[in-house]
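> Turn this into a structure:
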Amino acid sequence: MLICNMPEYTYEASLILDLFEGAADLPVSLTCREEGKTLLAEVTVGGRLFSFKETLSAEVPLLVKREKKRFYKLAVYHALKTVTGKQPPWGALTGIRPTKLAYMQEELGVEPLSFLQNKMDVSQEKTQVVAEIMRQQKGIYEKGDQNYNLFVSVPFCPTKCEYCSFISAEISKCQRFIQPYTQAVIREIEGVKPLLKQGKLRSVYIGGGTPVSLPKENLLRIMQAVGKVNCEYTVEAGRPDAITKENLQILKDFGVTRVCVNPQTFSDETLVRIGRKHTTAQTEQAFYWAREFGFDINMDFIAGLSGESAEEFLRGMERVCALAPENVTVHTLSLKKGSALKERVSRLTEGEVGQMVSGAYRILSEAGYFPYYLYRQKYMAGNLENVGFTKQGKACVYNVDIMEETAPIVACGANAVSKRVFNAENRIERYASPKDLPTYLQKTDKIILEKAEFFA
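Got it, this is the predicted structure:
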């Protein structure tokens, strides 16, 4: 627990405690003082006193505020690092988007890799991951307030996985919502189409959930509402047991260019433990069907799933490299509020997850993949990260835009979050639709009106 004499710095500084196992149980106090441009911090950890001092370099009020928060946060970090003798792989970074922070430093005239490694104490290995991602994003990374990405949420799945915190509902248990939800999200798609004509549409992404778990006629109606587009078009086919040649044909007919086939693991035993109802054989069959239709393919895997060893996980990485999808994302297991896993586990320890992640990087790199996007979440095993890997020239534009927050997202459906991006002001505004299906259905017309005002 952290006690701070200045409430405005308490939240940021307290996030540091989550980086060090056991630190949340230690008595930690932070005393902040300012003498002109000099910042002073005293941190006490379990009776040990640490003092820190720094001179403000920023002049712009917003940057001054950021610099102060960072200094006091770093003071707590360095005190805990000394007491525990541990260095988290991402140093003092607690945010979701390390690459976005690197780009911000670059725009301020600061060498971003030096800032990460020397200022924020990020390990050399992770700093190099950021460097490679920035290289891979060249030609894709594009700041533009008039660029747009369209996201459509289809929150239905065959079953609920133990780690999942999405609002996705088991489709067999909510048949009564399928027709009204289809009608509502179509109305919303039609409502936002005028917005998309105001700028450049960079990508379309229909996700969930598992969109292809919908009955054929409902999937077809949503695809008709979106229509054919002249940009990257991705559908999160997702669960292999929901993928058929019939629904893949529907996607192909409407110009979809990329599908996601997301097994999460190539271990049949693990699939049973996490609540999946498909097999690795079904995963490979779904993959080959998607290949027949000529789609680029994204595949997701999670390091740290219940009972899975590093050896099993890395065998899965070898197996996916043999299939050679265009994109492979390696997620680190995270405790998410609302998931079944969170209800029975209070904290994830690193265990073998570090071996899984580093081994996956090695195997994918040797197979010709490059990291191209990255994000982090709270309560991740080992305080690690999620990284998307791509074959050369096959990066997913939607993933880059949504992670780096360089362009607006027009999002339709339950639990969909729209964003307006003001790049010149380094500012983002958000509009979140209701999470649960009944509330979304009741408020659809209001959402359409409010979203038009939001993007006006």
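
> Dig out what the closest residue to residue 368 other than its chain neighbours forms beta bridges with.
Closest residue to residue 368 apart from its sequence neighbours, by Cβ to Cβ, 6 or more residues apart in numbering: residue 391 at 6.3 Å. The way it works is simple: take the backbone N, C-alpha and C, and place the C-beta from them, glycine included. Beta bridges link residue 391 to residue 369 when assigned by DSSP bridges.

> Could you pull up the residues touching residue 391?
By Cβ atoms under 8 Å, 6 or more residues apart in numbering, the contact set of residue 391 is 324, 326, 327, 368, 369, 370.

> shaky segments in the stretch 301-450 of the chain?
Regions of the stretch 301-450 of the chain meeting the criterion pLDDT under 70 cover residues 335-351.

> which residue ranges form the strands in it?
Remark: strands assigned in the stretch 301-450 of the chain by DSSP state E, counting those that start in this stretch are 327-332, 369-375, 386-391, 409-412, 417-422, 427-432.

> Mean neighbour count, those strands: which tops it?
Of the strands of the stretch 301-450 of the chain, the one with the most neighbours on average (mean count of other Cβ atoms under 10 Å) is strand 409-412, at a mean of 26.

> any idea which of the contacts of residue 391 is the one closest to residue 384?
Nearest to residue 384 among the contacts of residue 391: residue 369, at 17.8 Å, using Cβ to Cβ.

> what separates that closest one from residue 328, distance-wise?
Using Cβ to Cβ, to the nearest Å, residue 369 is found at 6 Å from residue 328.

> Tell me the spacing between the residue nearest to residue 368 and residue 262.
According to Cβ to Cβ, residue 391 stands 18 Å off from residue 262.

> Kindly report the same for residue 95.
25 Å.

> Which element, helix or strand, includes the nearest residue to residue 398 once chain neighbours are set aside?
In space, and not counting its chain neighbours, residue 398 is closest to residue 203: 4.0 Å by Cβ to Cβ, 6+ apart. Assigning secondary structure by DSSP states H and E places residue 203 in strand 200-208.

> Residue 218 too?
helix 216-226.

> For that helix, which outside residues touch it?
Under Cβ under 8 Å, 6+ apart, the answer for helix 216-226 is 150, 152, 154, 178-179, 182, 185-186, 189-190, 204, 206, 211-212, 214, 246-247, 250-251, 253-254.

> and after that helix, which helix or strand comes next?
Heading C-terminal from helix 216-226 (DSSP H and E), you reach strand 232-238.

> the helices in the stretch 201-350 of the chain, which residues?
Using DSSP state H, counting those that start in this stretch, the helices of the stretch 201-350 of the chain run over 216-226, 245-253, 268-274, 280-292, 310-323, 340-344.

> Can you add distance to residue 77 and give those back as TSV?
Below are those laid out as TSV (distance: least, Cβ to Cβ, whole Å):
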stretch	distance to residue 77
helix 216-226	45
helix 245-253	47
helix 268-274	34
helix 280-292	41
helix 310-323	29
helix 340-344	26
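
> Tell me which of the ones you listed lies nearest to residue 52.
helix 340-344 (34.9 Å).

> Model confidence score at the closest residue to residue 24 other than its chain neighbours, please.
Computed as Cβ to Cβ, 6+ apart, the closest residue to residue 24 that is not its neighbour in sequence is residue 17, at 4.9 Å. pLDDT, residue 17: 93.

> Relative to residue 49, how far out is residue 17?
18 Å.

> Same check on residue 21?
Taken as Cβ to Cβ, the span from residue 21 to residue 49 is 23 Å.

> the more surrounded of those two?
Each of residue 21 and residue 49 has its neighbours counted (other Cβ atoms under 10 Å); residue 21 has more, 15 against 11.

> ok, so what distance separates that one from residue 126?
18 Å.

> And residue 362, by the same measure?
Taking Cβ to Cβ as the measure, residue 362 falls 15 Å from residue 126.

> Looking at those two, which one has more neighbours?
The neighbour comparison of residue 362 against residue 126 (other Cβ under 10 Å) goes to residue 126, with 20 against 12.

> Neighbours of residue 95, how many?
Counted by other Cβ under 10 Å, the residues lying close to residue 95 total 12.

> Show the contacting residues for it.
Applying Cβ under 8 Å, 6+ apart, the residues near residue 95 are 101, 376.

> Tell me the secondary structure at it.
Secondary structure assignment for residue 95 (DSSP: H, G, I helix; E, B strand; the rest coil): coil.

> got CSV for the contacts of residue 391, with distance to residue 143 too?
Shown next, in CSV, are those (distance: Cβ to Cβ, whole Å):
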residue, distance to residue 143
324, 32
326, 25
327, 23
368, 29
369, 26
370, 22
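
> from these, which is closest to residue 410?
Using Cβ to Cβ, the contacts of residue 391 come closest to residue 410 at residue 327, 23.0 Å.

> Looks to me like residue 185 is in a helix.
Yes - judged by three-state DSSP, residue 185 forms part of a helix.

> Hmm, residue 412 and it touching each other?
Yes - Residue 185 lies in contact with residue 412 (Cβ atoms under 8 Å); the separation is 5.7 Å.

> Can you lay out the strands of the stretch 301-450 of the chain as a markdown table showing distance to residue 61?
Formatted as a markdown table, the strands of the stretch 301-450 of the chain follow (distance: least, Cβ to Cβ, whole Å):
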| stretch | distance to residue 61 |
| --- | --- |
| strand 327-332 | 36 |
| strand 369-375 | 29 |
| strand 386-391 | 34 |
| strand 409-412 | 28 |
| strand 417-422 | 17 |
| strand 427-432 | 14 |
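
> Among those strands, which comes closest to residue 142?
Closest among these, using Cβ to Cβ: strand 417-422, at 11.4 Å.

> Run the angle between the closest one and strand 427-432 for me.
160 degrees (axes from the mean of the first three to the mean of the last three Cα atoms, to 10 degrees).

> Alpha carbons of strand 417-422, as PDB, please.
Extracted in PDB, the C-alpha atoms of strand 417-422 (Å, rounded to 0.1, in the frame of the first residue of the first chain):
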ATOM      1  CA  VAL A 417     -15.600   2.300 -28.000                       C
ATOM      2  CA  SER A 418     -15.300   5.000 -30.700                       C
ATOM      3  CA  LYS A 419     -12.400   7.400 -30.600                       C
ATOM      4  CA  ARG A 420     -11.800  10.900 -32.000                       C
ATOM      5  CA  VAL A 421      -8.100  11.600 -32.400                       C
ATOM      6  CA  PHE A 422      -6.700  15.200 -32.300                       C
END
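
> Can you give me the buried ones in the lengthiest helix in the chain?
Looking across the chain with DSSP state H, the single longest helix is helix 61-84. Applying a neighbour-count criterion of 16 or more other Cβ atoms under 10 Å, one finds 67-68, 70-81, 83-84 buried in helix 61-84.

> of those, closest to residue 232?
Nearest to residue 232 among those: residue 70, at 35.6 Å, using Cβ to Cβ.
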